[in-house]
Each structure stands twice: as structure tokens, then as C-alpha cells.
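Colleague: here is a sequence with its predicted model. Questions after.
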Amino acid sequence: MNTAVRPSARRITALFGTVALVLAAAGCGGGTGSGSAGGKVTSITALDYYTDATEHAQWGERLSACGKAAGVTVEHRSVPGASLVPQVLRQASSRTLPDLLMLDNPDLQQIARTGALTPLDRYGIDADGYAEGIRSAGTYRGKVYGLAPTVSTVALFYNKDMLAEAGVAVPKTWDELRTAAARLTRPGRYGMAVDANATFEGTWQFLPFLWSNGGDEKRLDSPQAAQALQLWVDLVRSGSMSKSVLNWTQADVHDQFVAGRTAMMVNGPWRISAMDRTENLHWGVAPLPVRRLGQQLLTPLGGEVWAVPRNSSEARQRAAARVLACLNDPANMLALAEQYHTVPSRSSVASRYAERVPSMAAFVKSVQGARARTGELGVKWPRAATGIYTAVQAALTGEQTPEEALRHAQRIATGS
Amino acid sequence: MRSGSRPAPDGAARARLRARVSRWLFLLPALAHLSLFFGYPVVKNVVMSFQEYSVTTFYTGAAPFVGLRNYTTALSADAFWRALLTTVLFTAGSLAGQFVLGLALALFFHRRFPLGGLLRSLLLLPWLLPLVVSGTTWRWMLDTDSGVVNQALRDLHLLSSGIPWLTGTSEALVSVILVNVWVGIPFNTAILYGGLQDIPAHLYEAAKLDGAGRLASFRHVTWPLLRPVAGVVLVLGVVYTVKVLDIILVVTGGGPADATQTLATRSYQLSFQQFEFGRGAATGNVLVLVSLAFALVHLRADRRARNS
Amino acid sequence: MKHGPARGSLSTLVGVLLLGVMLFPVYWMVNASLQPAGTMLTAGWFPRHPDFGGYATALRDQGRNLVTSLVVALGTVVLTLGLAVPAAYALARLRLRGATAVLFGILVTQTVPGIVVANALYGAYTDLGLLNSYGGLILADSTTGVPFAVLVLRAFMRSIPGEIIDAARVDGAGRLRVLWSVVLPLSRNALITAGLFSFLFAWSDFLFALTLNTTDSVRPVTVGVYEYLGAHTNQWNAVMATAVLASVPAAALLVAAQRHLAAGITGGALR
């Protein structure tokens, strides 16, 4: 017995030794080499959510070009949109944030509040000449933390052939939208499509209807908000809009449109290149309808801002800031706007752009008045946004009337 | 292990101790692994649930202690109780479907026939597909207007319009249960089939000699002997099902109008969409407690069944 | 063939039909993968003009990720079995005091949601330098496999007749030796089952792969597909082709292991 125990015990210890070694080796294998050993900075890292293959490549090139001008190479990485902020939070806790960070504009204030970002004025960068909406989205407590080269918003896209065939004019008011959508509906095809998803994307698409009618995220249980929600409910009830809008993302809405399954849709100009690639699709774009003529159309401002996270190396931060400034110079603004059918965020560049690309003039105009989602509530916006999409879902499923749904939304927004 | 047969008492005691230590050494690596990879996260999550853990905490590390506030706000929301009910319905529905269909398939494949083994192993295929992809495929298939499921039902003249699989509040819950059953059948079949294989063939022969029909031999031979395995499948099923997250997120995202929001998806959304990590952690801990309570009940019942 | 060939082949027919229903979503994926690039909304029941462009794209973009998945999954199998075999042996045959508590503890681990584990691990991995490493992902992936493998192996090892082990002990073999040369060969089927299931757990893991990797250096195919979903909204065929390709090695493994699969596992796994 004794003789049997001893050698096996020794062997077990030996075995553990091996396991420990293997683990240690595995740990060492994973070291991240960013090469930031003081001195001269040769490379910086950049993180965004441009995962689309072509988009990723194009941004990679632009970042490299700007990096070259700033004397560094840029390691560019993209993660899917939904996982960007969680990723950034994890990186913030482990102090492994990238040197240059892209954020969707309504997220910027949240991240700036944590202290993880540096104000841009310390690198001599300011937001003079930028459209008001994007400047306010990039500002937290009076300091500019993020700048977007280009901005965008949503509009009404329509299938020219279908409208012509049904003899329908492009709707300008909600009533016209109701009748147009009904007349455009056929078996296997709907008149209208929106994204009413239970995400912030769904909220984003509802905002132009809410705001243009005088609704406000500070008070969601207003009659104006109920009228806007009633419009969407009517479209679904009458069968002019699929009930599946409850699950559609903006990408799904686009897929429906190019497949000819909907005659009109709410979407953004960044889809234009894909639509142009689709054969036999003759599309047009117009401002979104308002409840009655004379109301001013208010749309939410879209666009991604770039920021410089705080890290231990001042030199890296400066290098990143130089790349950021380069991305936001007029030439790059113009180039990016043309590439993605968006609008330069400096007003002067935008008007030059409108002259050069007349088809984008409508967007240039609507973006000028576009409102930042965080403009009123700041870091409290996510709660209101949650309330809005919850109300849209509850009303479209018929669980609640628009009024009930919005009262509930107001409770969510105020956190009571 | 009949130690102690050695003469010297002192040496024998030491040998016994050494033997006991060496026995535990077999268990040690696995125990260390499990306590590191489960114990640490659970402790961290519990701590987090007593703190005001916000977006800012990630950078500054400052998370003030707030006592039970996260629990009281989490539990006082209507949405919590609705999510709890949905969790119960989802779990019960999934389990019933997975178990009954899994058992039926296991019994079917238990009869030997040509290609049976091949077909049985191909049955595991749904498990191999990335859930993001199979979930997306199900979303297309269940689409009200263009989905193949409604199209098939229409072609068979079973219905004229479409079933709102993903857009009706009660239909959506049925749909996520359906998809989860589909994902879970392979596991249930595999384990139950293994249990069936363990039942000695001579028992069936004896039952046959006693004139028992198929139903009777299932009742008197198969079921009693399969019960322990069935118990394991069911308790693991509950434990795995209450925490299902990705299937629901991909297929319905918890909607429409929160109709498929379970405790797991709610905890996820509180933490990662609304960045209320404290409340998310509190909700997650309630979830762990629920499934822990269930596991305890099972163990108690199992022990009682064996003792009697 | 007890029932005679006619009934046997009838069963085969029924089996094929059942499998057809179960695997219809898989067929739908294959169908989608063979459609020309574009949206899936216009797809018919059959790929009338099969287009293999999706597969070419998938192989080009995802080939490396498939290899990564394979390495991680195989590594997980090795680690899982390495941890689970001695533990299962101890729990099954070494009359430990507190074995019941250990078993209960193992069951308790299964109640912890993956997201809780993943979140905590991120912080710990950052400090340990395990982010973006094969080792780190293998360690994390084996958390699903180890408890399951311990239960399966323990249940099986309990059923090995005690006389065989006693005989080896009398011959002077140490415990490790008994485990290695007596118990393991007898547990071959249970080992294959436990190994296969831990392979499947690791192969289908998405959460750990997504949260514990911040760069592209270790990217399994599940994350590859997820990023593809965002990257190719107009190329569903490539996304689906990747999914089909991702299931091929695993399916081959299933068929190869089918003879051993689940033969005699779980008899009273928690008793």
C-alpha cells in the first residue's frame, strides 16, 4: 500500500507542474504588443464599428493616409455596432482603450462623463463652423470631446415606378401618407415600412414624427406624441405597413425595399450606394411628411464622432488628435460625404457640397436643422429612448393605446 | 483501500493521511478550475448587485455601496414580474417539448434498423450551427409575410392569412419556445438514448414472456429504469433553459412589447443596453437563486425517492 | 436484425422523414447559401441555379477562423478531459468524504449564466494577460465542458465492476496506474461522449469568444459569422455558406464517433 501511494503521489505533483507550465505558456502567448515604450510614437490604434467589408477597407485607407500625415501607422479595428459600447466599457476598466475611438454621437456624453476621454481643446481642436446639432452632441459640460466629419439623418425613400403605376404623388402630410400607403399596398407588397424595433434604432426612426409634431422627449405623454404614435398604429392597422416592422432593423427595411416588397420606407442616405447597385430599382428621396403643411420638419441627427481616450502617453494622445484633426479637415469631410452619401458637418463645406452634388441638397438642408438626441436630456437620454421604443412596441402590438403606452413611456423615462 | 494492516501505528496513520491527501489530489485540478471560473464571477456579481455600478464605474472604479436598493428597484418593477412569468412559461414549454420529443426520438432510434446510427448522429447537427445563424434562419422562416412556414401552411390550405409568429405577443412566445425546443432536442435525445441503452435487454424479454405489450413494457420496464436519467435531463434542462439568452435575443430581441422578455434577457438588457449594471446584476442573481432552488428541490425529491 | 428487413427499412424511411423535419432549417441554410448574392427575400424552395460564389467568399474570409475554432475546440477537449477524468475517478471510486457536496457544487455551477462568467473573466483576464490568447479562450470554454464531463464519466466509472480494479490494486498498481491502464480503456465510450460534447460546447461558444477577444488574433468562426452579419448585409449567401462550412468538420466528427456515442452514459449521473 505504502509503496504504491508514494510514486503515484509524486507523479501527480509532476502532472500539476506540467499543467501550471502549460497555463503559464498560454498566458504568455497572448500578450498584446502595442509598443508604447515611451519615446517616439510610431503606431496608434483606432476602434470603430465600420464592420462592412468595403466600408472597413475604405476607413482603413483613410486612417492610414491621415496617420501618414501625422507620422504614425494606424492599427484599425472594427467591432459590430451593438458590441461597441460594452467593448469600450471593458477596455475602460482595464485601461486598454484605443488611442482613437469612434462613437455613435448619442453615446459620446455617457462615455465622456466617465472621464475616459480627453477634451479636444487641449490639442487646439475646436468645433467652430460645425452645424449646431453635431456640436452639441460632441460637447459635455461645455467642452468638446468628439467631432464627426460627416452627419446624416433619415428621409422618405420611395420606389418611383410603383408610385407612378399607382398614380400616387410623394406624400407631404401624414394624411397623404396614409392614403398613399394604402393605395400602394398590393398582395405581397406593403405601401410603407419603418423600423419599429425594440432598440434605440426604432426610437431614432420615430423621432422625426414625434418632434415635427411638437412632441418632446422631456414630456412623452403629450397629445402631440400620441398623434405621432397613432399615425404608425393606423398604418399597421390598415394593413399598409407590415406588423413585422416590430422586428425589422433598418437593414431589414432596406432589404424589403430593394426586394420590391415595400413601396416607401424611412431610411438614411448611407443606403444609397447599395440601392444604386440594385438593378431595375428606380428610387427617389423626399423629406419625411409632417402632420400638416407648415409644420417644420425636425429630424434626429445621425453620425459618428471621433474622440481621443485618456491614456498614459501624452505623445500617443497627441498623435491620435492629429489623426482626428485630419479626418475632420474640409478635404476629408468632402471625400467621406461623397463616399457614403452623408453631409459634411462644417456648414461651409456642406454648402459647397450641395452645389457639387445636387441630389444631396435635400439632405444638406434637413441636416442643418437636425437635432441631437442628447441635446435636451444629455446623459439621461437612454432612459427616454427606452421609453419611446417600449411605447411604440406596446401600441403597434395593440397591447396598449398610444396614450396609455406613452404614459408608461414617461414613467420609464423619468425612472419612476 | 484496506489500509491500517501495517504494524507500526504511527506509520499507518501517516500513510492514511497521505492516502487521503492523494485521493483529493485527483479532484483538486477540477475543483480549482471550477471555483476560479464560477466562484469568482458569482462573488463579483453579488458584490456588484449591492453597488451603484454605472458606466462611470468602469473607468473610475468608484461604485458606492447602496445596500438593497438595486434589489428593491428591480423587484418593484412590473416588468420584473412579467419577465418572471415569461421565464416560467418559456422554461415549462421548452422542457415539455424537448423532453417529450427527445424521448420519442430516443425510443424510436433505440430500435435497431439500417442507417439508424448515422441518422441518430446527424440529429445532433442543429447543435453545431452557430446560434446567430440558426436564429436568423428561424427569423426568416417565421416571417409573417414571406416566411416559409406560413407559405407552407398556406399551400396546404391550412390557413388563408398568415400567423404572426414573431409579431403577435402570444405567438412570439410560442415561437421562441419552438426554436428552443428545436435546439434542445439533440441533447435530450442523446442522453435519453444513452439511458435506454443501459437497460438490460433481458428485462424486455422477460416482460414479453409475461405477455406485456409495448405500452406495458414501457410502463413497467423502460420508465422506472429510465427515471434517474430522465431526472438528470430535466433538472439540467431547467437549469440551462432559465438562462437562455442568445436564442431569444436573435429571434425576437425580447419583443414584441416585451412579450418574450425573460429574466435572463432583462438582466442582459439592463446591463448592456441601459448600462444599469447594479440592477442587471441583481436581476441576474435572482435568476441564479430561482434555478438553485429548483436544483435543491430536485435533489431532495431524488433522495426521498431513493430512500423509500 | 430482429424485425426482418422489411420493417427495418420502414423504420429507416420514418427515420429519414423525422430527420428531414428536424433538419429543415439546416436545409434552408444550405438553400440560402446557394442563392446568388442579394437579399434572402426572393429565395425559392430550391436553389434552381445554384451559385457557389458564397462558398468562395466564405472560404476566403473565414478559412482562418475555421482553423481557429478547430484549435480552440480540440484544446478544450484535451483540457476538459485532463481535468474531468481524475476528478470523475476520485468521485466514482475513491470514497471521498464530501463527494456529495462536490457533486452539488458542480450542479450549482450550471446555474450561473454565461454572461456573468464572461463579464468577470474579462477583468481577471486583463490582469493576467490572458485576453486574446488561445489558452484563455480554451480555459473559459472548458467551463461548460468540465462539469458535464465529470458527471458523465463518474456515472460510467461507477458501473465498472469493483473486482477488476481490486485485482489491479492487488497486483501492486498505484491509483494513477489503475486509472490509466484499467479504468480509462474500459471507459472509452464515455470518454468519447464527454470529449465530443465538450468539443460541441466549445465549437458553438459565442459569448466567451466575443467578450474575451479584443483583437482579431483569436477569432473563432462563431464570431466571424457574427461580424459577417454586419459586414455583408447584401451577401446572405456568404453568411450561410460560412455556417454550412462551419458545421462540416463537426458533422464529420459526429458521424465518425457515432458508434461510441452515448453508449452507456449517464446511468444515474447525479446519484
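Modeller: Everything's here; your move. In this text, all values refer to a predicted model and were calculated from it rather than measured experimentally.
Colleague: residue ranges in the chain under the pLDDT threshold?
Modeller: All of this is about chain A. Low-confidence segments of chain A (pLDDT under 70): A:1-39, A:416.
Colleague: wrong one, chain C
Modeller: Within chain C, the set of residues satisfying pLDDT under 70 comprises C:1-7, C:37-43, C:230-234, C:259-271.
Colleague: mind redoing it with 50?
Modeller: Scanning chain C for pLDDT under 50 picks out C:1-4, C:263-271.
Colleague: now do the strands in it.
Modeller: Taking DSSP state E as the criterion, chain C contains no strands.
Colleague: the residue nearest to A:P106 when sequence neighbours are not counted: neighbour count?
Modeller: On the basis of Cβ to Cβ, 6 or more residues apart in numbering or on different chains, the spatially nearest residue to A:P106 that is not a chain neighbour turns out to be A:R373, at 4.3 Å. (C-beta placed from N, C-alpha, C; glycine too.) Neighbour count of A:R373, defined by other Cβ atoms under 10 Å in any protein chain shown: 26.
Colleague: now A:G138. Nearest residue, chain neighbours left out?
Modeller: A:G146 (4.1 Å).
Colleague: need the contact list for that neighbour.
Modeller: A:L103, A:N105, A:L108, A:A112, A:L117, A:L120, A:A137, A:G138, A:V305, A:W306, A:A307 (Cβ atoms under 8 Å, 6 or more residues apart in numbering or on different chains).
Colleague: state which one residue of the stretch 301-416 of chain A is found closest to chain C.
Modeller: Nearest to chain C in the stretch 301-416 of chain A, going by Cβ to the nearest Cβ, is A:P309, at a distance of 13.8 Å.
Colleague: circling back to that earlier point, quick check: the residue nearest to A:G138 vs chain C, distance?
Modeller: Here the criterion is Cβ to the nearest Cβ, to the nearest Å. By it, A:G146 lies 21 Å from chain C.
Colleague: can you pull up the bridge partners for that residue?
Modeller: Beta bridges link A:G146 to A:A307, judged by DSSP bridges.
Colleague: same thing with the one 10 residues further on?
Modeller: Following DSSP bridges, A:L156 is listed with bridge partners A:V266, A:A286.
Colleague: residues near it, how many?
Modeller: A:L156 has 20 neighbouring residues, counting by other Cβ under 10 Å.
Colleague: quick one: it and A:L297 touch, right?
Modeller: No: with contacts counted by Cβ atoms under 8 Å, A:L156 stays clear of A:L297, the gap being 10.4 Å.
Colleague: what is in contact with those two at once?
Modeller: Common neighbours of A:L156 and A:L297, counting by Cβ under 8 Å, 6+ apart, are A:P287, A:L288.
Colleague: now the residue nearest to the spatial centre of chain B: which helix or strand?
Modeller: If you average the C-alpha coordinates of chain B and look for the closest C-alpha using Cα atoms, centre = their mean, you land on B:Y240, 1.8 Å from that point. Under DSSP states H and E, the secondary-structure element containing B:Y240 is helix B:223-242.
Colleague: is the next helix or strand after that helix anywhere near chain A?
Modeller: Following the chain from helix B:223-242 toward its C-terminal end, the next helix or strand by DSSP H and E is helix B:246-251. No: Helix B:246-251 stays clear of chain A (Cβ under 8 Å from any Cβ of the partner chain), getting no nearer than 8.9 Å.
Colleague: where does A:A361 land in three-state SS?
Modeller: Of the three states, A:A361 takes helix according to DSSP: H, G, I helix; E, B strand; the rest coil.
Colleague: the closest residue to it other than its chain neighbours: how many residues sit nearby?
Modeller: The spatial neighbour of A:A361 that comes closest, neighbours along the chain excluded (Cβ to Cβ, 6+ apart), is A:A354 at 4.6 Å. A:A354: 19 surrounding residues under other Cβ under 10 Å.
Colleague: would you check how far apart A:A354 and A:L334 are?
Modeller: Counting by Cβ to Cβ, to the nearest Å, the separation of A:A354 from A:L334 is 11 Å.
Colleague: for the residue nearest to the spatial centre of chain C, which non-adjacent residue is spatially closest?
Modeller: A centroid search over chain C (Cα atoms, centre = their mean) returns C:L200, at 1.2 Å, as the residue closest to the centre. Nearest residue to C:L200 in three dimensions, chain neighbours excluded: B:W127, at 5.8 Å (Cβ to Cβ, 6+ apart).
Colleague: quick check: buried residues in the strand or helix carrying the residue nearest to A:A361?
Modeller: For A:A354, the host element (DSSP H and E) is helix A:347-356. Residues of helix A:347-356 classed as buried by neighbour count (16 or more other Cβ atoms under 10 Å in any protein chain shown): A:S347, A:V349, A:A350, A:R352, A:Y353, A:A354.
Colleague: secondary structure element for the residue nearest to C:L200?
Modeller: Judged by DSSP H and E, B:W127 forms part of helix B:125-128.
Colleague: what's next to the helix or strand following that helix, contact-wise?
Modeller: Tracing the chain C-terminally past helix B:125-128 and defining elements by DSSP H and E, one meets helix B:131-141 next. Outside of helix B:131-141, the residues within contact range by Cβ under 8 Å, 6+ apart are A:247, B:126, B:146-149, B:166, B:175, B:179, B:182-183, B:246-247, B:249-251, C:25, C:28-29, C:32, C:40, C:204, C:206, C:222, C:225-226, C:229, C:239-240, C:242-243.
Colleague: isn't the residue nearest to A:A361 right next to A:V364, touching?
Modeller: Yes: taking contact to mean Cβ under 8 Å, the distance of 4.2 Å between A:A354 and A:V364 places them in contact.
Colleague: now for the helix ranked longest in chain B, which elements pack on it?
Modeller: For chain B, the longest helix by residue count, based on DSSP state H, is helix B:78-110. If you count contacts as 3 or more Cβ pairs under 8 Å, 6 or more residues apart in numbering or on different chains; DSSP states H and E, helix B:78-110 packs onto helix B:116-122, helix B:169-197, helix B:223-242, helix B:263-272, helix B:277-307, helix C:4-22.
Colleague: how does it look with 6 Å?
Modeller: When contacts are defined as 3 or more Cβ pairs under 6 Å, 6 or more residues apart in numbering or on different chains; DSSP states H and E, helix B:78-110 packs onto helix B:169-197, helix B:223-242, helix B:263-272.
Colleague: most tightly surrounded among those helices?
Modeller: helix B:263-272 (a mean of 24; mean count of other Cβ atoms under 10 Å in any protein chain shown).
Colleague: quick check, that one touching chain A?
Modeller: Yes: part of helix B:263-272 sits close enough to chain A to count as contact by Cβ under 6 Å from any Cβ of the partner chain, namely B:F272.
Colleague: would you state the strands of chain A in chain order?
Modeller: With DSSP E as the criterion, chain A has strands at A:43-48, A:73-78, A:100-104, A:139-140, A:143-144, A:146-147, A:150-151, A:155-159, A:190-193, A:262-267, A:283-286, A:304-307, A:343-344.
Colleague: run through who's touching the helix holding B:W127.
Modeller: The set of residues external to helix B:125-128 that reach it, using Cβ atoms under 6 Å, 6 or more residues apart in numbering or on different chains, is B:P186, C:V26, C:L200, C:S247, C:A250, C:A251.
Colleague: spell out which parts of the stretch 51-200 of chain C neighbour chain A.
Modeller: The interface of the stretch 51-200 of chain C toward chain A, taken as Cβ under 6 Å from any Cβ, is made up of C:Y122, C:T126, C:L128, C:G129, C:L130, C:N132, C:S133, C:G135, C:G136, C:G174, C:R175, C:L176.
Colleague: in CSV, list these along with distance to chain B and neighbour count.
Modeller: Conversion of those to CSV gives the following (distance: Cβ to the nearest Cβ, whole Å; neighbours: other Cβ atoms under 10 Å in any protein chain shown):
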residue, distance to chain B, neighbour count
C:Y122, 10, 23
C:T126, 12, 19
C:L128, 11, 15
C:G129, 16, 15
C:L130, 12, 25
C:N132, 18, 20
C:S133, 16, 24
C:G135, 13, 22
C:G136, 11, 25
C:G174, 9, 21
C:R175, 7, 28
C:L176, 8, 21
